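S.K.: what follows is a predicted protein model with its sequence.
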Amino acid sequence: GSKMGRFVPLSIPNFEGNERKYVDDALDQGWVSTGGAYITELEEKLAEFLQVKKTAAVQSGTSALHLSLIACGVQPGDMVIVPTLTFIAAVNPVRYQFAEPVFMDCDDSLCMDPQKLRRFCENECVTEDGQLKHKATGKTVKAIVVVHVFGNMADMEAIMDIAQEFHLKVIEDATEALGTQYTKGRYAGKFAGTIGDFGAYSFNGNKIITGSAGGCFLTDDEEAANKVRKWSTQARENAAWYQHEELGYNYRMSNVVAGVVRGQFPYLDEHIAQKKAIYERYKEGLKDLPVSMNPMDLENSEPNYWLSCLIVDEDAMCKQVRGEQDVCYVKEAGKTCPTEILEAIASINAEGRPIWKPMHMQPIYRLNPFVVRDGNGRARSNAYIAGGVADVGMDIFTRGLCLPSDNKMTAEQQDRIIEVIKACFE
């Protein structure tokens, strides 16, 4: 088959022209560090657009999440509930606080499963003095980090109810979901990231709008926002010299990065429309194959369609075995697997990716608790009893892949990708 000519990436920045003007201005004025008009202007623009009281522009989505955990009062030895199906950036900041992640399995939305969450809080924990304690370890469960996976809204109504009932703070990792918005229900009109106690966005190179780097913390809690802004600039006190009473971080966004994000901001809706067209073209082009697309909750929300993914039906999967670094599969007529499809996409000069390997399967987190439908998902199989444990995240990793979703991909290029995917099922 013919190659694409130009490489079709998974998702890269889409610059429209205004960004350079802002960056040049920042350079001309010498405002290139963590002070400058663009940072403040970006914070105000974001707050106004998202309808939240306060935002703080920081270096990355990861630093926004770390600052959120600090704002939640997460201490060494605490527990924080996180999804297992996520990029690791949602989880590592929990360890920066020397706290312990508890991995929660997903449901069909690919986001955290509220039923499993509730069952964990009810069965594995007990409420003492207005705090949730983990029965087995006596640790305090402080917060939930919810990730809106691939731009699809998690079930925030259910999750917020559980959080309130069990005295948990909610941090929304909306790094992939800028622009995703509820259209009905209790949170109609609200954007992903603005519903929990604290939210985090990312402007890294593959996101819906980018600053080449950068992130944003948001909240309606003005006191928390002021603290976060202070912590992000080395926690200087209001004195005529360098005075420090708290631990600070070098997490503030630079004015140059803010200029780039500022230049991208007017194009958010356009970028979402482009991502939506890509998703729908895949959906239409693949509809006769035994596959499904990554779910988007169109019933209750308008997603940003950040990444298009494909999940092969169970009965259309050929045998595929993945080790720690290697993979092999056995080709069968009419069947395929993510490995074969990814190889096919790469062969025509386009870039797909596996869906993330779940966090509870990562060597670094192999000893952390993992929660499935009927409780603890660890050490469940038994040599004397047939049947395994329903691990949705691992199943999605086994059968799923991320498709090239770059805004600049042409219809012809996308049709070519759809063609080689179809050929894998022959």
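M.R.: Done, it's in.

S.K.: tell me the confidence at the residue lying farthest from the centre of the chain?
M.R.: In the chain, Ala240 marks the outermost C-alpha relative to the chain mean, sitting 40.7 Å out by Cα atoms, centre = their mean. The predicted local distance difference test score for Ala240 is 94.

S.K.: now do the one 4 residues further on
M.R.: Here, the pLDDT recorded for His244 equals 95.

S.K.: so where is the stretch 251-400 of the chain shaky, pLDDT-wise?
M.R.: Low-confidence segments of the stretch 251-400 of the chain, defined by pLDDT under 70: 377-389.

S.K.: in it, which spans are strands?
M.R.: Secondary structure of the stretch 251-400 of the chain (DSSP state E, counting those that start in this stretch): strands located at 291-293, 301-302, 309-312, 319-322, 327-330, 353-354, 370-372, 375-376, 400-402.

S.K.: and for the second one, what's in contact with it?
M.R.: Going back to what we said before, that points to strand 301-302. The set of residues that contact strand 301-302 without belonging to it, under Cβ atoms under 8 Å, 6 or more residues apart in numbering, is 153, 180-183. Every C-beta, even on glycine, is put in place using the N, C-alpha and C of the backbone.

S.K.: Ile208: which of those residues is nearest?
M.R.: For Ile208, the closest of the contacts of strand 301-302 turns out to be Thr180, at 9.3 Å, with distances computed as Cβ to Cβ.

S.K.: nearest residue to that closest one other than its sequence neighbours?
M.R.: Closest residue to Thr180 in three dimensions, ignoring its sequence neighbours and counting by Cβ to Cβ, 6 or more residues apart in numbering: Ala192, at 4.1 Å.

S.K.: wait, isn't the one you found in contact with Glu172?
M.R.: Yes: in terms of Cβ atoms under 8 Å, Ala192 counts as a neighbour of Glu172; the distance is 6.5 Å.

S.K.: the two: who's more crowded?
M.R.: Neighbours were counted for Ala192 and for Glu172 using other Cβ atoms under 10 Å; Ala192 has more, 32 against 29.

S.K.: return the residues in contact with the more buried one.
M.R.: Under the criterion of Cβ under 8 Å, 6+ apart, the contact list for Ala192 reads 148, 151, 153, 172, 174, 177-178, 180-181, 199.

S.K.: from these, which two are the most distant?
M.R.: The most widely separated members of these, counting by Cβ to Cβ, are Gly151 and Gly199 (14.3 Å).

S.K.: what's near enough to touch Cys29?
M.R.: Not quite, residue 29 is Gln, not Cys. Listed by Cβ under 8 Å, 6+ apart, the contact set of Gln29 reads Gly36.

S.K.: hang on, Ala143 packs against Ala71?
M.R.: No: at 9.7 Å, Ala143 and Ala71 do not qualify as touching, with contact defined as Cβ under 8 Å.

S.K.: more crowded one of the two?
M.R.: The neighbour comparison of Ala143 against Ala71 (other Cβ under 10 Å) goes to Ala143, with 27 against 22.

S.K.: from Gln181, how far off is that one?
M.R.: Taken as Cβ to Cβ, to the nearest Å, the spacing of Ala143 relative to Gln181 amounts to 24 Å.

S.K.: list phi and psi for the residue nearest to Thr180.
M.R.: Phi and psi for Ala192, reported as degrees, to the nearest 10, are phi -50, psi 130.

S.K.: and Asp155, what does it touch?
M.R.: Shown in contact with Asp155 (Cβ under 8 Å, 6+ apart): 109, 111-112, 114.

S.K.: repeat that with 6 Å
M.R.: Remark: with contacts taken as Cβ atoms under 6 Å, 6 or more residues apart in numbering, Asp155 is in contact with Pro114.

S.K.: then the one 4 residues further on?
M.R.: Ile159 sits next to 114, 146 when contact means Cβ under 6 Å, 6+ apart.
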